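Visitor: Okay, here's the prediction I keep looking at, along with the sequence it came from:
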2 protein chains.
Amino acid sequence: MKIIVLTFLALFGIAQVFGQQASAQGDPLPSWNEGAAKGSILEFFARVTKQGGPDYVLPADRIAVFDNDGTLWIEQPLYVQGLFVLDRVRAMAPRHPEWKDTQPFKAVLENDMKTLAASGPKGIAELVTATHAGMSTEEFGRIVKDWLATARHPKYKRPYTDLVYQPMLELLAFLRANGFKTYIVSGGGVEFVRTFSEDRYGIPPEQVIGSSNMTKLEVRDGRPVLVREPEIDFINDREGKPVGINKFVGRRPIAAFGNSDGDFQMLQWVTAGVGPRFGLLVHHDDAGREYAYDHSTHVGRLDLALDEAPKQGWTVVSMKRDWKTVFPGYSREQEKQR
Amino acid sequence: MKIIVLTFLALFGIAQVFGQQASAQGDPLPSWNEGAAKGSILEFFARVTKQGGPDYVLPADRIAVFDNDGTLWIEQPLYVQGLFVLDRVRAMAPRHPEWKDTQPFKAVLENDMKTLAASGPKGIAELVTATHAGMSTEEFGRIVKDWLATARHPKYKRPYTDLVYQPMLELLAFLRANGFKTYIVSGGGVEFVRTFSEDRYGIPPEQVIGSSNMTKLEVRDGRPVLVREPEIDFINDREGKPVGINKFVGRRPIAAFGNSDGDFQMLQWVTAGVGPRFGLLVHHDDAGREYAYDHSTHVGRLDLALDEAPKQGWTVVSMKRDWKTVFPGYSREQEKQR
């Protein structure tokens, strides 16, 4: 319903008004093109922060949740944490001569992606365990930070932390300026995302919710530390996302941002709450500047949630149409030329 | 080491100086008697917030964690949540006629505490499951709030939320005024504590870490809700406390406050971190105004942690000696007369 009204407003150029109002006070979303998507954002957050208005939301209840992979940063050709796993296997291989003859490690070392894919969830789990467990939480954080500092994206040849979405950085800042507490709710590992969330998104570690390994208190070198165990604690994906949010935040947020079917239940649960609610999906339809994928991809599939969006009143962002810029520090011309 | 120095300072009345300095700017801890405990608190937090000082801690790292039962509010004659369980069994009994003949429910309904105790952890788990699962998280919150509004402590005849410790409320406010983020880290149920943490302690739900049931996303009455399952998700006690803190906060706090052996590992892990660290134990030694218990009690046993405190440099607070007032709104005379 909401989306129909907003499309109507956009047709008559009325959504422009919101953009212009914002612009008069300095546009808080300069990397967003004027249109229904930007209009719906500005309209909703103006409405819920308008003191005395019928939809006013108290600052304590201003909680907004964001998926990470594909919503705040790039997730193709593979989740960044997946690329980290592959690089770690390569880096650790000299200390594991047996990996040369053991699958799925052999496939990684030989760059044999077909055999790797055939190893299935069990094979992936073995790789994750080998690279994500056995060290203290502090050691793991250092390993991730060191990797992020040197690894480069295969297409853009830039650090992954450069490949965050400029329009979403502006959205995070805009929400915080309006008294919102912004959370990341990622299917990825919580201790992976926490290494860069504060620097890159302005989101402190305690506002990152994610999947996790079990940890165990041990004394190492005379000091108590938490050691990452080779056992899954929690999978923060799909129906796990509402569970994770409730566990960490203890209340239903009023706004949720995602880009794939992994975010479907989160958007559904958030927008089914009482009072004004906002749901948004980023649709990757920009093969020129980034990637184009939805119904039939493996990583970041957007199928059910995209079909459901109009019925649920969720805003769908077309990367191609709605974003003036994709990454920080790239002009539109530079992005096109890639 | 720290405690020895502070005891030395106290002997010479030097700790008084800190109190007087604070008092000159309005004493932030008026319900604390002058002495080593109050002195150690004021000294530490002045030191880590002194810009340019050698022990200065950046605001982002100012995380302080507090146990709840026995540290922030009363835990005798039984944990408040335990009393809630017993009251719930009584309130639910009309809908469960079979409980009249089924242990451990029968024991609760007949006030037969001996048989109840004999039912052991398995019996307790049955009672907890019967009273804590099957409803949505929102329904559970309402049940707890309704109970807290009407239940009265058997000795004081006051609501449990009145029986929070005034000196600790002042300490929470003092830390927050100094840029600290204050967390509750409770062995109790996270969704139980969250119902009153904001009102009573100024601590929002997302800063409460506790034990938890599994929850599951379900559609009830056409709306997606999270239903509390009859299965434990996490026990946030003893070695679970550092695990819980790391899971929720993602970094090691610099100050920890507890009162029992259930807090031992938390204090140990927190104070073993690099840089200035503060650990504090509340010792319940005030039978007149509250309760006196330590080595040999069942609820809130303080044995190992009390023996370890001097070696670890933790501050030990004597409720009798160090607290001018115990509960809000009671004068010392009123408290004595009880």
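Guide: Received it, and whenever you're ready, just let me know what you need.
Visitor: Quick check: nearest residue in space to the residue nearest the centre of chain A, chain neighbours excluded?
Guide: By Cα atoms, centre = their mean, chain A has its centre lying nearest to residue A:68, at 1.0 Å. Leaving aside its sequence neighbours, residue A:68 sits nearest to residue A:186 (Cβ to Cβ, 6 or more residues apart in numbering or on different chains; 4.0 Å). (C-beta placed from N, C-alpha, C; glycine too.)
Visitor: contacting residues for that neighbour?
Guide: A:67-69, A:193, A:208-211, A:236 (Cβ atoms under 8 Å, 6 or more residues apart in numbering or on different chains).
Visitor: hmm, try it at 6 Å
Guide: Counting by Cβ atoms under 6 Å, 6 or more residues apart in numbering or on different chains, residue A:186 touches A:68, A:193, A:210.
Visitor: Residue A:48 too?
Guide: Counting by Cβ under 6 Å, 6+ apart, residue A:48 touches A:55, A:57, A:276.
Visitor: again with residue A:76
Guide: residue A:291.
Visitor: Name the SS class of it, please.
Guide: coil (DSSP: H, G, I helix; E, B strand; the rest coil).
Visitor: SS state for residue A:215?
Guide: Classified using three-state DSSP, residue A:215 is strand.
Visitor: And the pLDDT at the residue lying closest to it once chain neighbours are set aside?
Guide: Sequence neighbours aside, residue A:226 is the residue nearest to residue A:215 in space, at 4.3 Å (criterion: Cβ to Cβ, 6+ apart). Reported pLDDT at residue A:226 in the predicted model: 97.
Visitor: element containing residue A:226?
Guide: Element membership of residue A:226, judged by DSSP states H and E, is strand A:223-234.
Visitor: Buried residues of that strand, list them for me.
Guide: A:224-228, A:233-234 (16 or more other Cβ atoms under 10 Å in any protein chain shown).
Visitor: that older thread, check contacts around the residue nearest to residue A:215.
Guide: Residue A:226 neighbours (Cβ under 6 Å, 6+ apart): A:137, A:215, A:217, B:246.
Visitor: what about the third one, neighbour count?
Guide: Summarising burial for residue A:217: neighbours were counted as other Cβ atoms under 10 Å in any protein chain shown, giving 19.
Visitor: Pull the number of nearby residues for the closest residue to it other than its chain neighbours.
Guide: Once flanking residues are discounted, residue A:217 sits nearest to residue B:239: 4.5 Å by Cβ to Cβ, 6+ apart. Counted by other Cβ under 10 Å, the residues lying close to residue B:239 total 18.
Visitor: Hmm, residue B:239 is touching residue B:265, no?
Guide: Yes: at 4.8 Å, residue B:239 counts as touching residue B:265 under the criterion of Cβ atoms under 6 Å.
Visitor: Give the residues shared as contacts by those two.
Guide: Common neighbours of residue B:239 and residue B:265 (Cβ under 6 Å, 6+ apart) are residue A:217.
Visitor: For burial, what's the neighbour tally of the closest residue to residue A:123 other than its chain neighbours?
Guide: Leaving aside its sequence neighbours, residue A:123 sits nearest to residue A:104 (Cβ to Cβ, 6+ apart; 3.8 Å). With neighbours defined by other Cβ under 10 Å, the count for residue A:104 comes to 23.
Visitor: Also residue A:122?
Guide: Neighbour count for residue A:122, taken as other Cβ under 10 Å: 8.
Visitor: same thing with the one 10 residues further on?
Guide: Taking other Cβ under 10 Å as the criterion, the count of residues near residue A:132 is 22.
Visitor: ok, it to residue A:142 distance?
Guide: 14 Å (Cβ to Cβ, to the nearest Å).
Visitor: Likewise for residue A:176?
Guide: In this structure, residue A:176 and residue A:142 are 28 Å apart, going by Cβ to Cβ.
Visitor: of the two, who's got more company?
Guide: The residue with more neighbours, out of residue A:176 and residue A:142, is residue A:176; 15 against 12, by other Cβ under 10 Å.
Visitor: Residue A:176: which element?
Guide: helix A:166-177.
Visitor: what does residue A:246 give?
Guide: Using DSSP H and E, residue A:246 sits within helix A:240-249.
Visitor: need the strands for the stretch 151-300 of chain A, in chain order.
Guide: Along the stretch 151-300 of chain A, the stretches classed as strands by DSSP state E, counting those that start in this stretch are A:181-189, A:208-220, A:223-234, A:255-258, A:278-283.
Visitor: quick one, the third one and strand A:208-220 angle?
Guide: This means strand A:223-234. Interaxial angle, strand A:223-234 versus strand A:208-220 (axes from the mean of the first three to the mean of the last three Cα atoms, to 10 degrees): 140 degrees.
Visitor: With only the CA atoms kept, save strand A:223-234 in PDB.
Guide: The C-alpha coordinates for strand A:223-234 follow below in PDB (Å, rounded to 0.1, in the frame of the first residue of the first chain):
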ATOM      1  CA  ARG A 223      46.100 -14.900  31.000                       C
ATOM      2  CA  PRO A 224      42.400 -15.800  30.800                       C
ATOM      3  CA  VAL A 225      41.300 -15.600  27.200                       C
ATOM      4  CA  LEU A 226      38.300 -16.700  25.100                       C
ATOM      5  CA  VAL A 227      39.200 -19.400  22.600                       C
ATOM      6  CA  ARG A 228      37.100 -19.900  19.500                       C
ATOM      7  CA  GLU A 229      35.800 -23.500  19.400                       C
ATOM      8  CA  PRO A 230      35.200 -25.600  16.300                       C
ATOM      9  CA  GLU A 231      31.400 -25.600  16.900                       C
ATOM     10  CA  ILE A 232      28.600 -23.300  15.700                       C
ATOM     11  CA  ASP A 233      26.900 -21.300  18.400                       C
ATOM     12  CA  PHE A 234      24.300 -19.500  16.300                       C
END
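Visitor: neighbours around residue A:60, how many?
Guide: Residue A:60: 12 neighbours (other Cβ under 10 Å).
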